[in-house]
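generate coordinates for the sequence data below:
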Amino acid sequence: MPESRQLLQHFLAAIAYRTQKALRDAPVDFADFRAGTHVRTPHELVWHMTGVIGYARTMLHGGDFAPPRLESLAAEVARFHETLAALRDDFGDPALAARISDAQFLHGPLADTMTHAGQLALLRRLAGAPVPSENFIFAEIMAANVGEEQPAPAAPDAWWRPDQPPLPPAPDPLQAQRAGERGREADG
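Take a look at the predicted model:
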């Protein structure tokens with residue numbers, strides 16, 4: 001299999017991981033949380049994400065993909081992961097010729113879907129239930145795992161406090177936090 005296809009499969013697994021991270025331990029009413037007028041709910045976002053991944057599959061199989069909306073977020077999530085698995089398998093099938101390049105898969109439907117995984121995480125924060133931060137470089141993402149069962153964070157951020165404002169970007173967030181505390185002590 002070409003290396004570009006292996007990377008696409010890995011990116012699908014990263015989408016699965018990030019999506020599950022955003023959904024893990026979400027409040028019961030999160031599925032229908034609407035941040036504003038004409039803003040998709042998490043349920044609607046996952047439905048849309050399935051549609052985007054299904055559309056990517058049409059670039060390999062032809063045809064159309066317009067999934068009906070399912071009744072529950074849990075059902076949408078299950079179908080989303082099934083669609084990810086189908087596309088992962090498609091990428092591994094040398095008999096399938098795509099109508100677009102691997103780069104177009106990446107910068108088109110796959111990047112779009114990853115953006116929506118980030119929107120789910122943002123909606124969690126807006127719903128008052130922020131997602132714990134972690135260092136994604138060390139996440140246990142395996143191309144074979146695009147299912148709902150994703151591993152726990154391998155490198156959760158020990159300094160993460162949902163009840164505090166976020167720390168400034170820094171190579172060492174604890175260093176930034178200590179600097180901020182020294183500044184507050186000097187002001188006090």
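
sticking with the residue lying closest to residue 145 once chain neighbours are set aside, tell me its helix or strand.
Excluding its sequence neighbours, the residue lying closest to residue 145 (CB to CB, 6 or more residues apart in numbering) is residue 13, at 5.6 Å. All C-beta spots, glycine's among them, are computed from the backbone N, C-alpha and C. In this structure, residue 13 sits in helix 3-23 according to DSSP states H and E.

what is the mean pLDDT for whichever helix or strand comes after that helix?
With elements assigned by DSSP H and E, the helix or strand that comes after helix 3-23 is helix 42-61. Here helix 42-61 scores 98 as its mean pLDDT.

how's this protein carved up into domains?
Following automatic domain parsing, one finds the domains of the chain at 3-157, 158-188.

in this structure, which segments are predicted with low confidence?
Scanning the chain for pLDDT under 70 picks out 167, 170-188.

now the domains of the chain in a markdown table, with mean neighbour count?
Putting the domains of the chain into a markdown table (neighbours: other CB atoms under 10 Å) gives the following:
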| stretch | mean neighbour count |
| --- | --- |
| domain 3-157 | 16 |
| domain 158-188 | 11 |
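
contact partners for residue 65?
Counting by CB atoms under 8 Å, 6 or more residues apart in numbering, residue 65 touches 51, 54, 55, 57, 58.

now do the residue nearest to residue 145 against residue 114, distance only.
Look at residue 13 and residue 114: by CB to CB, to the nearest Å, they are 11 Å apart.

and for residue 11?
The gap separating residue 11 from residue 114 is 8 Å, by CB to CB.

swap in residue 121?
The value you get for residue 121 to residue 114, if CB to CB is used, is 11 Å.

what's the overlap in contacts for the two?
residue 18.

and residue 129, backbone torsions?
Main-chain torsions, residue 129, degrees, to the nearest 10: phi -140, psi 70.

pretty sure it sits against residue 33.
No. Judged on CB atoms under 8 Å, residue 129 makes no contact with residue 33 at a distance of 9.2 Å.

in CSV: the contacts of residue 65, plus distance to residue 149.
As requested, the contacts of residue 65 are exported to CSV (distance: CB to CB, whole Å):
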residue, distance to residue 149
51, 23
54, 22
55, 25
57, 22
58, 27
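
from these, pick the one nearest residue 159.
Ranked by distance to residue 159 (CB to CB), these are led by residue 51 at 37.6 Å.

in contact with residue 146, which residues are there?
Contact analysis of residue 146 by CB under 8 Å, 6+ apart lists 12, 13, 15, 16, 81, 84, 85, 88.

out of those residues, what pair is the most spread apart?
Farthest pair in the contacts of residue 146, by CB to CB: 15 and 85, 11.6 Å.
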